[in-house]
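Enquirer: no FASTA, just this:
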Ligand SMILES: Cc1ncc(COP(=O)(O)O)c(C=O)c1O
């Protein structure tokens, strides 16, 4: 009676759902204050003051027409503001015609894949990856090709090269990364661009670089990220305000296409068409106005840095192995036992919820999200000590 493909996918995505349901169950039994839920990436911090002010001002604006349909790509004045900001940030002119407002990065990725993929064409993704990527590619009849990264979760050039075929249409990167917190430096991106250029020539194909950047404002210990538009010839950036403005429920983000893409007007027409016909129609009017009014606002990444440091330092002091995240708000920790499901079950005994690495295409690890409150993190430490005591000589 139901879609076979969806039923199959429901089973595949069950890890994150299972953790979510388990969290609810434990909360009911032990009370929310006794459950340490590191499983979800739902920011606990509130949006910045500029955003709250913008929300109040826009809500008070009684001008007629503010809740009507608009062009499917979004309000021209909102796109202008974003184009201006990106042009300054990237030190290269980005026309507002190359921006399409979307319902968050999830929608943006689906819209882009629908706009570029023919059935059977391949999209390269790097493991560990954001679990939904495979579904997004398959939603548009594409084939996700998973490339393993090195032990530091950085690109392995040879594996990347070997994965590119005549069917490769795009390479999807995510930096800062969910689930590892890793950032790709300029050298890595330049190596990637070189491989893409070589393979394009060898195979006579065009390969797009798609950069999913919802964590671009959550970076630690470095001042700025490399600009993909200046490194890759054919790049599309997808961004979202879910994390940078702590507005995930408001579903707002954008797609920005590099002006260096040949026939970019056709690509934008396809993107805008798919934004409409996939049923999003346009990104929410209210949220677009908020973003424009608070164009320079961002959450303070020091809030997350403090949480990262406490949790990371504690885990390392206990004997866990983990790459220190340079951005985003996740720790991807090596499981002290090969089967990370065993570890996840042990953690649950102490009401600590973490997500198994296999949910992100890398078994043997687990992910802890530290976008939860500082108080919860501090209170969780004795429980983490007890878990560690089951595996390490302390
Ligand atoms: C890497 C990555 N991409 C995309 C998304 C989707 O975010 P949005 O709320 O903007 O749709 C997330 C959400 O957690 C994410 O971690």
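Expert: Perfect, I can see it now. Keep in mind the model is a prediction, meaning the values are calculated, not measured.
Enquirer: please enumerate residues in contact with stretch 303-314?
Expert: For stretch 303-314, the surrounding residues in contact (Cβ atoms under 8 Å, 6 or more residues apart in numbering) are 45, 181, 218, 220, 322, 324-325, 329, 331, 368, 370-372, 374, 377-378, 381, 384. C-beta coordinates here come from the backbone N, C-alpha and C atoms, glycine included.
Enquirer: which of those residues count as buried?
Expert: Listed as buried from the contacts of stretch 303-314 are 45, 181, 218, 220, 322, 325, 329, 331, 368, 370-372, 377, 384; burial here means 16 or more other Cβ atoms under 10 Å.
Enquirer: which other helices and strands does the lowest-mean-pLDDT helix or strand in the chain contact?
Expert: In the chain, no helix or strand scores lower on mean pLDDT, DSSP states H and E than helix 14-30, which sits at a mean of 79. Under the contact criterion of 3 or more Cβ pairs under 8 Å, 6 or more residues apart in numbering; DSSP states H and E, helix 14-30 touches strand 352-353, strand 355-356.
Enquirer: just name the most buried of these.
Expert: Counting by mean count of other Cβ atoms under 10 Å, strand 355-356 has the highest mean neighbour count of the helices and strands packed on helix 14-30, with a mean of 26.
Enquirer: that strand and the ligand, any residue contact?
Expert: No - residues of strand 355-356 contacting the ligand under Cβ under 6 Å from any ligand atom: none, with a closest distance of 12.1 Å.
Enquirer: on contacts alone, who are the packing partners of that strand?
Expert: Strand 355-356 sits against helix 14-30, helix 340-349, strand 365-369, with contacts defined as 3+ Cβ pairs under 8 Å, 6+ apart.
Enquirer: hang on, the earlier thing: now, which of the buried ones among the contacts of stretch 303-314 sits nearest residue 295?
Expert: Closest approach between the buried ones among the contacts of stretch 303-314 and residue 295, by Cβ to Cβ: residue 218, at 17.8 Å.
Enquirer: now do the closest one against the ligand, distance only.
Expert: From residue 218 across to the ligand, the span is 11 Å (Cβ to the nearest ligand atom, to the nearest Å).
Enquirer: and for residue 77?
Expert: Residue 77 is 22 Å from the ligand, by Cβ to the nearest ligand atom.
Enquirer: so which elements touch the helix or strand encompassing that residue?
Expert: Using DSSP states H and E, residue 77 falls within helix 76-90. Helices and strands touching helix 76-90, by 3+ Cβ pairs under 8 Å, 6+ apart, are strand 99-102, strand 253-257, helix 285-293.
Enquirer: all set now, cheers.
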